[in-house]
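Student: Starting from these lines, generate the structure:
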Amino acid sequence: MKAATYPDFSVLLVDDEPDWLGSLSLTLESCANISNILTCSDSRQALAILERGQVGLVLLDLTMPHLSGEALLEQIAERHPEICVIVVSGLNQLETAVRCMKLGAFDYCVKTDEEDRIVGAVLRAVRMVEMRREYQEMSSRLVSRELRHPEAFSGIVTADRSMLAIFSYVEAVAKSPQPLLITGESGVGKELIAKAAHNLSGCRGKLVTVNVAGLDDTVFADTLFGHVRGAFTGAEQARRGMVEEAADGTLFLDEIGDLSIPSQVKLLRLLQEGEYFPMGSDLPKRLKARIIVATHQNLPEKERSGAFRRDLYYRLRTHQVQLPALRERRGDIALLLDYFLEEASRALGKKKPTPPKGLAQYLATYCFPGNVRELKALVYDAVSVHRDRMLSMETFVRSIERLQPQCPTTGASQTRQNPFAGFDELPTFSDAAAFLVLEAMERAGGNQTLAARLLGISQPALSKRLKMLKE
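Tutor: Just a heads-up that it's a prediction; the model follows:
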């Protein structure tokens, strides 16, 4: 498999010394993983290369025959102001450096500088160009609200506006090499969003998923970074880590909020330095994977309590999406119900049953602490035991009544909190009963059978109450 190039725009090196071009190319590739490099030894040809539109950064020598570096810098600033330019000169002259910066150069380096100085300048410039492009991409996508690749989200069933906005954002940042943090309760679909981001990234490598919950520091390091032979007792063979397995692809770390502090330090170094050491090895390896992380935990709260490192948190949240709970997108319940009925029937070898009238409205009254995953489990359970053409409502009712106490703001919990406690003037018993009936009918979408279930009374009793309200 051919390795992916980095960055996704070209870096053009312009110098009349072929040996220097070759040396700088090797340095950038070995020290910064920059492989998308073009070279030009005749400054007169540089503008023609830029006209092709693939270049985002130019490293430019000043002293060249035919067309000097300063003259070329001035032309680039005039014709291609969006392209970043770093001057790499053989002369360390302050006046020349100031003049180049005034002409629009991003930085000025001297060829005799240490490699780290030049590589650092290039990496800063690459990141600046990436951020500029990401901002422009996000602006256009979020304004238009149109997805260019809706097929990437085909595994996520929704018509919710907040979810569609998240799709637009993910599509906009998918090609960014910076980390993506996905947060949300368990069961909301964080892994599906990670898969969509990977599919949209253009990475040639695979998506490698690691659930880091419960991993101690040693197991975490071995899982991610691998080890060399003899690294520890029992390490009879070398083993590639998941970072290497995900090379030119995406490494998805799930449940990142459960990492221990020592493991957080290792992850932070991986992100900051872009390199890691397999256990037992003194030779570093380059990070060549995009990092996506997810958690159901409240990372800002963990950071404030000292359980999660602040520097790692801010490094991870460069791009961030918060997925809504299912109770915050109740309009999707009917769509998900139909989708899971079809899926469950196919998986269990049964004909798709007809859901009873009012089932979607009834499900919408439940808080779903397990979110979409819990709804899927309820549907599979109901389909597995159904016999007739019409799906039984009772299977769902029994399950939800058993699970209802998990919802802190529903059912008996509200009674214990006494909603009338803050009233200055209490309603009459008849008024309170009328309000309850009207609210139940509203939540049930006008379905009397469902409203009666919500109130814990029979349907005839509810019908009698409704007649009294009309009198």
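
Student: Please identify the buried residues of the helix or strand containing F220?
Tutor: Under the criterion of DSSP states H and E, F220 resides in helix 217-225. Of the residues in helix 217-225, F220, A221, D222, T223, L224, F225 count as buried by neighbour count, 16 or more other C-beta atoms under 10 Å. To be clear about C-beta, it is placed using only N, CA and C from the backbone, and glycine gets the same treatment.

Student: Check the offset of that helix from the chain's centre.
Tutor: 23 Å (C-alpha atoms, centre = their mean, to the nearest Å).

Student: Start the count at 35 instead of 1 going forward.
Tutor: Got it, first residue is 35 now, which makes that one helix 251-259.

Student: Which strands or helices does it pack on?
Tutor: Contacts defined by 3 or more C-beta pairs under 8 Å, 6 or more residues apart in numbering; DSSP states H and E place helix 251-259 against helix 276-279, helix 295-307.

Student: now those as TSV including distance to F402, mean pLDDT and mean neighbour count?
Tutor: Listed next are the helices and strands packed on helix 251-259 as TSV, based on distance: least, C-beta to C-beta, whole Å; pLDDT from 0 to 100; neighbours: other C-beta atoms under 10 Å:
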stretch	distance to F402	mean pLDDT	mean neighbour count
helix 276-279	32	95	20
helix 295-307	31	93	16
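
Student: With N332 as the reference, name the closest of those helices.
Tutor: helix 295-307 (16.0 Å; C-beta to C-beta).

Student: so how far is stretch 46-59 from its chain's centroid?
Tutor: How far stretch 46-59 lies from its chain's middle: 38 Å, per C-alpha atoms, centre = their mean.

Student: which phi and psi does T329 have?
Tutor: Backbone torsions for T329, taken as degrees, to the nearest 10, come to phi -160, psi 150.

Student: Is it in contact with T217, as I believe?
Tutor: Yes: assessed by C-beta atoms under 8 Å, T329 is found in contact with T217 at 5.9 Å.

Student: For these two, indicate the residue with more neighbours.
Tutor: Using other C-beta atoms under 10 Å as the criterion, T329 and T217 rank with T329 on top: 24 against 21.

Student: separation between that one and N245?
Tutor: Distance, T329 to N245, using C-beta to C-beta, to the nearest Å: 11 Å.

Student: Nearest residue to G275 in space, please, no chain neighbours.
Tutor: G260 (3.2 Å; C-beta to C-beta, 6 or more residues apart in numbering).

Student: contacting residues for the one you found?
Tutor: Neighbour list for G260: A272, R273, R274, G275, V277, E278, P312, M313 [criterion: C-beta atoms under 8 Å, 6 or more residues apart in numbering].

Student: hey, what's the residue nearest to the second one when sequence neighbours are not counted bridged with?
Tutor: Nearest non-adjacent residue to R273, counting by C-beta to C-beta, 6+ apart: G260, 4.9 Å away. Bridge pairing for G260 (DSSP bridges) gives the partners R274.

Student: can you pull out the strands in the stretch 35-184 of the chain?
Tutor: 44-48, 71-74, 89-94, 118-123, 141-144 (DSSP state E, counting those that start in this stretch).

Student: And the contacts of the fourth one?
Tutor: Contacts made with strand 118-123 from outside it, assessed by C-beta under 8 Å, 6+ apart, are listed as 49, 58, 90-97, 103, 107, 110-111, 130-131, 134, 138-145, 152, 155-156, 159, 162-163.

Student: Pull out the buried members of these.
Tutor: By 16+ other C-beta under 10 Å, the contacts of strand 118-123 give 49, 58, 90-96, 103, 107, 110, 130-131, 134, 139-145, 152, 155-156, 159, 163 as buried.

Student: L287 - that's part of a helix, no?
Tutor: No: under DSSP: H, G, I helix; E, B strand; the rest coil, L287 sits outside any helix and is assigned strand.

Student: Tell me how far G308 lies from E337.
Tutor: For G308 relative to E337 (C-beta to C-beta), the value is 23 Å.

Student: Kindly report the same for E168.
Tutor: 24 Å.

Student: Wait, a strand at Y373?
Tutor: No: using three-state DSSP, the assignment for Y373 is helix, not a strand.

Student: That one: how many residues sit nearby?
Tutor: Y373, neighbours per other C-beta under 10 Å, totals 16.

Student: Excluding covalently adjacent residues, which one is nearest to it?
Tutor: For Y373, the closest residue by C-beta to C-beta, 6+ apart turns out to be V191, at 4.7 Å.
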